[in-house]
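[1] mind folding the following:
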Amino acid sequence: MKYLVTLLSFIAFSSLSTAQSNLGTDYRTAVGVKVYPGAISVKHFKQKNKALEGLGYISSDGFRLTGLYEMYYPLGSTEGLQWFIGAGAHIGVWSEKWKLNNPTRESGGVMGVDGIIGIDYKVKGAPLNLSFDWQPSFNLIGYNYFESGWGGLAIRYTF
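    Numbering: from 1, shown residues only. Model (predicted):
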C-alpha cells in the first residue's frame, strides 16, 4: 500500500511546477477508477499531448502497479475526443490463493512491460473523463507469459 501511495503521489504531483498549458485537453490531471480488472487510475498531462498514467490494482490475491507513458491525438472533430497509444511497465506480487484460482500460473513476484491503445473523452462542461483501452502486457521476471486481458473502461474526476 505504501508503494501505491508513493507512485500515485509522484505521478499526480511530479510536475506541478510546469507552467505549460495542455492544449490537447481541457484538464491536466484526472483521478478515478478503471473497470477490469479494477484499478485506481491517476493520469497527468506533462505536455499538451503527452501524459503519465499510474494504475494500482489491489485484491486479496495480490497487487500490481503499472506506470504508462501515453501520447494523445485528436479523433475526428468532436471536442475532447482523442485516441492514444503508449507503453510502460508493471510490477506485482500474487499469492498462493491466486495460484489456486489460476493453476497454470505461479505465485510470487512479477515484473514486465505493457502497451496501451485506446480512446479518451473529456466531457465538455463537467469534470469528467472517460476512456476505453486495451492494455496487453508481458511478464519478463517471475513467471513469463503474455496477458491480453488488461484494459477496460476508466471513469475519472478531472482538475
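[2] mind listing the helices for the protein?
    Assigned by DSSP state H, the helices in the chain fall at 2-13, 96-101.
[3] rank the ones you listed by pLDDT, which is bottom?
    Note on the helices of the chain: helix 2-13 shows the lowest mean pLDDT, a mean of 46.
[4] ends of stretch 98-108, what's the gap?
    10 Å (Cα to Cα, to the nearest Å).
[5] what's it in contact with?
    Residues outside stretch 98-108 that contact it (Cβ atoms under 8 Å, 6 or more residues apart in numbering): 61-62, 93-96, 142-143, 145. In short, each C-beta sits where N, CA and C put it, glycine included.
[6] how about stretch 57-64?
    With contacts defined as Cβ under 8 Å, 6+ apart, stretch 57-64 is touched by 1, 4, 37-40, 55-56, 65-66, 90-95, 97-98, 101, 107, 110.
[7] PyMOL command for the buried members of these?
    A single PyMOL command is used to select the members of the contacts of stretch 57-64 judged buried by 16 or more other Cβ atoms under 10 Å:
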select buried, resi 4+39+40+55+56+65+66+90+91+92+94+98+107+110
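[8] kindly provide the distance from residue 39 to residue 47.
    Residue 39 is 24 Å from residue 47, where distance means Cβ to Cβ, to the nearest Å.
[9] revised request: answer the last question for residue 146.
    Taking Cβ to Cβ, one finds residue 146 at 31 Å from residue 47.
[10] give me the more crowded residue out of these two.
    Taking neighbours as other Cβ atoms under 10 Å, residue 146 and residue 47 compare with residue 47 leading, 15 against 9.
[11] could you give the bridge partners of that one?
    Applying DSSP bridges to residue 47 gives these bridge partners: residue 50.
[12] and the nearest residue to residue 159 once chain neighbours are set aside, bridged to which residues?
    Nearest residue to residue 159, sequence neighbours excluded (Cβ to Cβ, 6 or more residues apart in numbering): residue 29, at 5.7 Å. Taking DSSP bridges as the rule, residue 29 bridges to residue 44.
[13] strands along the protein, start to end?
    With strands called from DSSP state E, the chain shows them at 29-35, 39-47, 50-59, 62-74, 81-94, 108-122, 128-134, 137-141, 146-147, 151-158.
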